[in-house]
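K.L.:
Provide a 3D model corresponding to the input given below.
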Amino acid sequence: MRALIQVSFVLSTVLPLLTLTAATSAETTKSHGIAIHGEPSYPADFTHFKYVNPDAPKGGELRIASEGTFDSFNPYIIKGVPGPGFNPESLLASSADEASSEYGLIAESLEWPEDRSWVIFTLRPEAHWHDGKPITVDDVIFSLDTIRKDADPYVKNYYRILEKVEKIDGQRVKFYSAEPGNKEFPIRAGSLPIFAKHYWETRDFSKSTLEPPLGSGPYKVTDFEAGRYVVQERVKDYWGKDLPVNRGQDNFDTLRTTYYHDSDVIKLAIKSGEIDYRNERSSSAWAQDYDVPAIKKGWLKKESIPHQRPQGIQGFFYNTRRDLFKDPRVREAIGYVYDFEWTNTNLSHGLLTRSTNFFGNSELSSTGLPEGKELEILEKYRGRITDRLYTEAFTIPTSDGQGWPRDNYRKAFALLAEAGWVVRDLKLVNEMTGKQMSFEMLVASKGMERTVLPFATSLKKLGVDVTIRLVDRSQYYNRIRDFDYDMIIIKLSASITPGTEQRGFWTSATADKKGSGNFAGIKDPAIDELVEAVVNARDRKELVATVRALDRVLLWGFYVIPQFHTEDDRVLYWDKFSRPDVTPWRGSSTSYWWFDSKKEAALIASMAKNQTEEETSSETNPSDTSSIDNNEESFFDPAIVDTFLENFEKLGLDPKKVKSFFTFQIFSNPVAFFQKDNWRPYAFGFSIIALLLLLIRRRRRQGEQE
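P.N.:
Below you'll find the predicted structure:
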C-alpha cells in the first residue's frame, strides 16, 4: 500500500512536468534556417545555393575601383569614412533568391517559440577568428553590448528590437525580443555582426581606426595605404569555406580596391586595364564613353545583367528641419519643376526609368486609388493625413521633354502663392518678409553635379536662388550625418520584406538623431504608426497592404522628388572571369564570379596577336597613315591642331604659306600625325623652335638698329 502511494505521488508529480515539457517542445521550432513568412526553400541537407557554381575554382585577382577616399576601417560608427576590409560575419546568412530567408553561418541551428519572443542560437564549434581563437557566446554578447554603446544611430536603431541576450552554455546563446510577436526578430538577431571580444577589449570601438580589425570571414586585409588602396587576401584556412551558405562564393585569391578622385578617372582605368570590373551607374557614360577598341575586339566586356530586386527610392530629399521646407505646398511646387523627361533624353540617352514611389519594381508599390485591405488600413488615419489621398491617384509630374513645361510652372506658381510666395522683380520672394527663396543643393561628385544643374536652372526660372555646393566625400558624409544641408540626392535601397529598418528612415524617433537614415527629418505620428504596422504584419498579404499604405502616405507628404532607377546592372569587365548561368532575382555579384585561367590565356594571346599585326603593318608600310587606328591614344590632343595657324599669325607669318610649307601629315591627317612613336611631331617642334629663334634674333637686330 505504501509503495502504491509512493508511485501515485511520483506519477502525479512527474506526469504534469512531462506534459508541460512536451507542450513546450511542441510549441518551439528548431531548424537550420528561418523565413519571416512561410518556410525557407532550402532543406536542411542542402549543399549550396542554386545561383552559385559549387565547383568554381579558387585563384586570381579582382581589381575594382572606389570613388573618393577612406580614413577608417570601422563602418559601424559615426566617425570617419570607412574603407573595405572589415566585414564581420553574423550568426545567419541570407540567400539571394528568396525574399526573407536566413540559414546558419556561425550558428549551426536556431530555435524559437511560436510567438518568436526569443531565439536560441547554437554556435558551430569549428568557427574561429583569424588568429585561431574560437568564436564564443561571450563574443556574441559583447557584440550586442558594443552596438548599443558605440554604434552610429542607424545601427543602434536597427538592433533596438534585441532587448537582451544571455548565455545558456558554452555553445548556446539566447536573445529576447523587445516586441514579442514580431516575426522579423529572429532574423534581426541572426544578422548581428559578431566582434572579437578579446581583440576589442584593448581598443576603443567608438574611434575610427586604420588598424584592420580582427575578423573571421573569407578575406582579411594584408596591405593598404590610407585613401589610395586596400588589398584583401583570401584566408586559405577559412573555417567556413565548405558550409552550404558559402560554397561557390568568395573565389578570388586577392581583392584590390583602388581609390580615385572622380568617376572620369575610373572610366579611364577600366578602359586601360588598370582595374578589372566596374558597375557603371551613369546612363550617359554607358551610352557614349565606352566606344573603344578594347570593347570592339571583345577584350573588355560591356554587359547588361537584368535583375528583379526592388529599387527603393532615389531622389532629391528635402530637409524638412529647415523652415523653408516645412510647408508641403512648397515641397510639392518644387517637384513640378524637375523635368525628368528632358534630363533622361538629353543627359541619359533615354536609358532611365522614372521612379514613382518608395518601393519601386515590386508588388509593394502603391498604385491608383487605395482599395481592399490597403483602404481598410488607411481609414484609421482619415483626418490625420491629406484627404487627397482617398480621392486622387498620386501621379508624378511629367513633361513633353522639350525643356519648358509651362503647365508645370503654372501649377508650381499657384501652389507657391497659396504658401505665401510671390514673384517680384523676377524673384520669388516671401510675401510677408520680401526675402527671396534660396537654398543649397549639396553634392559630392561631378556626376551628381551634372544631374543637378538642369534642375537648378529650372528653379531659377521660378525666381529661386539656388546654389550647388560640390564638396569632397569626407565633408559630404560629415554634413549628412549632422543634417547640415537643404537638399541632397540620396538612394535608399528597399527590401522585398520591409521591417524594422523602416524606423530608421521615416519615424519621429530618428528625425533628430545625428547619423540616422531619416534624411528628410520626417515627424508624423501617422507614419510612425504605419511603420509599426509594417513591422508587426502577421503574414505576407497584410505586409504588402501595409507597405502600400505607408508608400502612399510618404508620397503625399512630398518629402522626396523621385528621380529614376534602372532595371539592370550595367557592368564592364575584362574577359578573364566567368560567372554562373543562373542569376538570382537580387542580381549578380562578383562574390559568385571566379577567375578563368583559360579566358585569361585567350585574352593575352589575342592582345599579343593584335600587337604583332600592328607592328608588322607599321614595318611594311611605314608611310601608310591610313592603317593607324584613329582611336589609339594620341601624342597630343588633336584639338591643338585648330590653334596652330592662329599662333603662326601672331608671329607675323602668313598662315597659308606656313600650311604650304608643312605639307606632311599634320594637315592631311592630324590624328595620325599625333600618334606616339611618330618622328614628325618632333621635327615639327624643332621647326617651330627654329622659327621662334629666328624671329627673336630679327627683332633684336631691329632694336639695335633703332
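K.L.:
which outside residues touch stretch 36-52?
P.N.:
31-34, 54, 95-103, 183-184, 187, 244-245, 247-249, 497, 499, 539-540, 543, 580, 582-584, 592 (C-beta atoms under 8 Å, 6 or more residues apart in numbering). Using the backbone N, CA and C atoms, a C-beta is placed for each residue, glycine as well.
K.L.:
quick one: which of those sit in helices?
P.N.:
Among the contacts of stretch 36-52, the members falling in helices (DSSP state H) are 187, 540, 543.
K.L.:
would you list those in a markdown table and tack on pLDDT, distance to S474 and neighbour count?
P.N.:
Formatted as a markdown table, the ones in helices among the contacts of stretch 36-52 follow (pLDDT from 0 to 100; distance: C-beta to C-beta, whole Å; neighbours: other C-beta atoms under 10 Å):
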| residue | pLDDT | distance to S474 | neighbour count |
| --- | --- | --- | --- |
| I187 | 94 | 34 | 24 |
| R540 | 86 | 42 | 15 |
| L543 | 92 | 39 | 23 |
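K.L.:
any idea which of these is closest to D596?
P.N.:
Of all those, D596 sits closest to I187, with 35.3 Å by C-beta to C-beta.
K.L.:
how far away is the closest one from G68?
P.N.:
As for I187, its distance to G68 is 32 Å (criterion: C-beta to C-beta, to the nearest Å).
K.L.:
Identify the residues contacting H128.
P.N.:
Counting by C-beta under 8 Å, 6+ apart, H128 touches 134-135, 216, 239.
K.L.:
which sections of the stretch 1-150 of the chain are below the confidence cut-off?
P.N.:
Along the stretch 1-150 of the chain, the model assigns pLDDT under 70 to residues 1-26.
K.L.:
And for the chain?
P.N.:
Scanning the chain for pLDDT under 70 picks out 1-26, 618-684, 686, 702-706.
K.L.:
Is it correct that A526 is in contact with R384?
P.N.:
Yes. The criterion here is C-beta atoms under 8 Å, and A526 meets it with R384 at 4.8 Å.
K.L.:
follow-up on the earlier one: any idea which of the contacts of H128 is the one closest to Q436?
P.N.:
S216 (56.8 Å).
K.L.:
Assign a three-state SS to I377, would you?
P.N.:
For I377, the assignment made with DSSP: H, G, I helix; E, B strand; the rest coil gives helix.
K.L.:
Count the residues that sit near the residue nearest to it when sequence neighbours are not counted.
P.N.:
The spatial neighbour of I377 that comes closest, neighbours along the chain excluded (C-beta to C-beta, 6 or more residues apart in numbering), is A549 at 4.6 Å. By the measure other C-beta atoms under 10 Å, the count of residues near A549 is 27.
K.L.:
so what does the helix or strand hosting V422 touch, helix or strand wise?
P.N.:
When elements are assigned from DSSP states H and E, V422 belongs to strand 421-424. With contacts taken as 3 or more C-beta pairs under 8 Å, 6 or more residues apart in numbering; DSSP states H and E, strand 421-424 sits against strand 427-430.
K.L.:
now the strand it packs on, how far from the centre of its chain.
P.N.:
Counting by C-alpha atoms, centre = their mean, to the nearest Å, strand 427-430 is centred 37 Å from the centre of its parent chain.
K.L.:
and if you look at stretch 57-75?
P.N.:
Offset of stretch 57-75 from its chain centre (C-alpha atoms, centre = their mean): 14 Å.
K.L.:
How about stretch 437-457?
P.N.:
Offset of stretch 437-457 from its chain centre (C-alpha atoms, centre = their mean): 19 Å.
K.L.:
Check which residues of that stretch are buried.
P.N.:
Buried positions in stretch 437-457, judged by neighbour count with 16 or more other C-beta atoms under 10 Å: 437, 439, 441-445, 447-448, 451-455.
K.L.:
What about those, which are in helices?
P.N.:
Using DSSP H, 447-448, 451-455 are the members of the buried residues of stretch 437-457 that sit in helices.
K.L.:
about what we covered before: and the buried residues of stretch 437-457, which is closest to Q288?
P.N.:
Among the buried residues of stretch 437-457, G447 lies closest to Q288 (C-beta to C-beta), at 13.9 Å.
K.L.:
ok, now which ones touch the closest one?
P.N.:
By C-beta under 8 Å, 6+ apart, the contact set of G447 is 262-263, 282.
K.L.:
quick one on the thing from earlier: give me the more crowded residue out of A526 and R384.
P.N.:
Using other C-beta under 10 Å as the criterion, A526 and R384 rank with A526 on top: 17 against 11.
K.L.:
contacting residues for the more buried one?
P.N.:
381, 384-385, 553.
K.L.:
Determine whether the claim that it is in a strand is correct.
P.N.:
No. Looking at A526 with three-state DSSP, it is helix, so not inside a strand.
K.L.:
I'd like to know how far it sits from W506.
P.N.:
Distance from A526 to W506, by C-beta to C-beta: 11 Å.
K.L.:
and the strand holding V422, how far from the chain's centre?
P.N.:
40 Å.
K.L.:
got the contact list for that strand?
P.N.:
With C-beta under 8 Å, 6+ apart as the contact definition, strand 421-424 has outside contacts at 330, 413, 416, 428-431, 434, 437, 463.
K.L.:
Nearest to E89 among the buried residues of stretch 437-457?
P.N.:
Closest to E89 out of the buried residues of stretch 437-457 is A444 (30.6 Å), distances taken as C-beta to C-beta.
K.L.:
Disregarding flanking residues, what is the spatial nearest neighbour of that closest one?
P.N.:
Nearest residue to A444, sequence neighbours excluded (C-beta to C-beta, 6+ apart): Y476, at 3.8 Å.
K.L.:
can you tell me which residues contact the one you found?
P.N.:
442-444.
K.L.:
go on, I295?
P.N.:
Each residue near I295 by C-beta under 8 Å, 6+ apart is listed here: 301-302.
K.L.:
Quick check: it is in a helix.
P.N.:
Yes. The assignment for I295 is a helix, going by three-state DSSP.
K.L.:
Next, find the distance separating it from E613.
P.N.:
Distance of I295 to E613, given as C-beta to C-beta: 18 Å.
K.L.:
Same question for E67.
P.N.:
Distance, E67 to E613, by C-beta to C-beta: 37 Å.
K.L.:
neighbour-wise, which of these two wins?
P.N.:
The residue with more neighbours, out of E67 and E613, is E67; 16 against 10, by other C-beta under 10 Å.
K.L.:
Verify the stated contact: the more buried one with T258.
P.N.:
No. The criterion here is C-beta under 8 Å, and E67 misses it with T258 at 10.4 Å.
K.L.:
could I get the ones in helices among the contacts of stretch 36-52 as a markdown table with distance to G335?
P.N.:
As requested, those are exported to a markdown table (distance: C-beta to C-beta, whole Å):
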| residue | distance to G335 |
| --- | --- |
| I187 | 36 |
| R540 | 32 |
| L543 | 28 |
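K.L.:
Of the residues you listed, which is the nearest to E27?
P.N.:
Using C-beta to C-beta as the measure, the one of the ones in helices among the contacts of stretch 36-52 that approaches E27 most closely is I187, at 19.6 Å.
K.L.:
First-to-last residue distance for stretch 331-347?
P.N.:
For stretch 331-347, the first and last residues are 25 Å from each other (C-alpha to C-alpha, to the nearest Å).
K.L.:
Flag every buried residue along it.
P.N.:
So stretch 331-347, judged by 16+ other C-beta under 10 Å, has buried residues 331-344, 347.
K.L.:
between these, which is closest to T146?
P.N.:
Distances from T146 to the buried residues of stretch 331-347, taken by C-beta to C-beta, are shortest for R331, at 38.8 Å.
K.L.:
wait, doesn't the residue nearest to I377 sit right on S366?
P.N.:
Yes. Using C-beta under 8 Å, A549 is in contact with S366, at 7.4 Å.
K.L.:
Need the overlap of contacts for the two.
P.N.:
Counting by C-beta under 8 Å, 6+ apart, the common neighbours of A549 and S366 are E374.
K.L.:
on that earlier part again, pretty sure the residue nearest to A444 is in a helix, no?
P.N.:
Yes. Under three-state DSSP, Y476 falls within a helix.
K.L.:
oh, and call the first residue 78 from now on, that's how I've got it
P.N.:
Okay, using 78 as the starting number, the last item reads as Y553.
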